[in-house]
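J.: next one to model:
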Amino acid sequence: MNCACESHFMDYIESVHNEKIKLIRALNRRKNRRKKNLFIAEGMSVVATAIRYDWVPQFILMSGKTKKISPIRTELIQWARTHHVACFQLSESVFEKIATRGNPQDLIAVFVQRWCLPPRIITQSWIVLENVRDPGNLGTIVRTVDATGIGGIILVGSCCDPYARESVRASMGSIFHVPLVRMAMTDFLQWYRRWPGDVIGTHLSAREDFRRRYKAPVLLLLGSEGSGLSPNMVEACVQLVRIPMLGHIDSLNIAIAAALMIYEMQREVIFTRQ
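T.: Residues are numbered from 1 along each chain as shown. Here you go, the predicted model:
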């Protein structure tokens, strides 16, 4: 199948006033994503990952600029036809209006958000993020959680949106595989009390080194990039730990800190599965 054949069964959009284009632009704002319960994913490989995990997009937009025959593009279009997912080809000028600047992809898909309930039967470690503000960091943490077999992520307080474009892009498709839970602080402080393993938090004033044995499953609490864990979350921890610093700074980027902590928590699990 070549691009000319593809265009025979894709509607063509050449106006920024098209309703699909208006929706994409609206979904750049968090309040609209929350209101419509939708989000944007960009790129052939990311959308292919979503489909592999049984996510079905509402519709797919493709750039008319792409002329090169791509096996993944062809396979994706064939899948969309089979599953009755509408595909639209956009003029180059219209696609540029909705694509990410600096690192544009040639495909955009819209999906329904998925939110989970906190686990009732606890068999895996989980991570809790409080008031994390940077969507790129959040997406990177989602990717690390996916890579290490952590059960999922609980977002507490005023966290940024994991379904923001920056977060979805940074997750490299892991957003479609990692369970996400939203909880108010009061609900979390009730729920965590039945956790069967260690509840661990990172804190600048902690004396314990993070390189230690943990009682699995571990519930890891990480605070915001600026202020760290709130007093309520600190009180919830069985143990506070710190990552040693030898230079002139006193903290790491939260995505880096999360990766170090998670790999230490999962050390035995990862080595056992290799």
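J.: okay, CA-based contacts and neighbour counts for the rest of this
T.: Fine.
J.: what comes up buried for the helix or strand hosting Ile256?
T.: In this assignment (DSSP states H and E), Ile256 forms part of helix 254-265. By neighbour count on 16 or more other C-alpha atoms under 10 Å, the buried set for helix 254-265 is Ile254, Ala255, Ala257, Ala258, Ala259, Met261, Ile262, Tyr263, Glu264, Met265.
J.: and if you look at stretch 223-239?
T.: In stretch 223-239, counting by 16+ other C-alpha under 10 Å, buried: Gly223, Ser224, Glu225, Gly228, Leu229, Met233, Val234, Ala236, Cys237, Gln239.
J.: do I have it right that the fourth one meets Val234?
T.: No. Gly228 is not in contact with Val234 according to C-alpha atoms under 8 Å; the separation is 9.4 Å.
J.: work out for me the element Asp187 sits within.
T.: helix 185-191.
J.: could you do Ile121 as well?
T.: Counting by DSSP H and E, no helix or strand carries Ile121.
J.: residue boundaries of the helices in the stretch 1-150 of the chain?
T.: For the stretch 1-150 of the chain, applying DSSP state H, counting those that start in this stretch gives helices covering 3-8, 19-26, 30-36, 44-52, 71-82, 92-98, 135-148.
J.: just send those helices back as CSV, with mean neighbour count, mean pLDDT and distance to Arg182 too.
T.: Formatted as CSV, these follow (neighbours: other C-alpha atoms under 10 Å; pLDDT from 0 to 100; distance: least, C-alpha to C-alpha, whole Å):
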stretch, mean neighbour count, mean pLDDT, distance to Arg182
helix 3-8, 12, 46, 40
helix 19-26, 16, 96, 23
helix 30-36, 15, 98, 12
helix 44-52, 18, 93, 21
helix 71-82, 15, 89, 31
helix 92-98, 17, 91, 28
helix 135-148, 23, 97, 14
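J.: closest to Thr123 out of the ones you listed?
T.: With C-alpha to C-alpha as the measure, helix 135-148 is the member of those nearest Thr123 (14.6 Å).
J.: hang on, the earlier thing: which other helices and strands contact the helix holding Ile256?
T.: Here helix 254-265 touches helix 135-148, going by 3 or more C-alpha pairs under 8 Å, 6 or more residues apart in numbering; DSSP states H and E.
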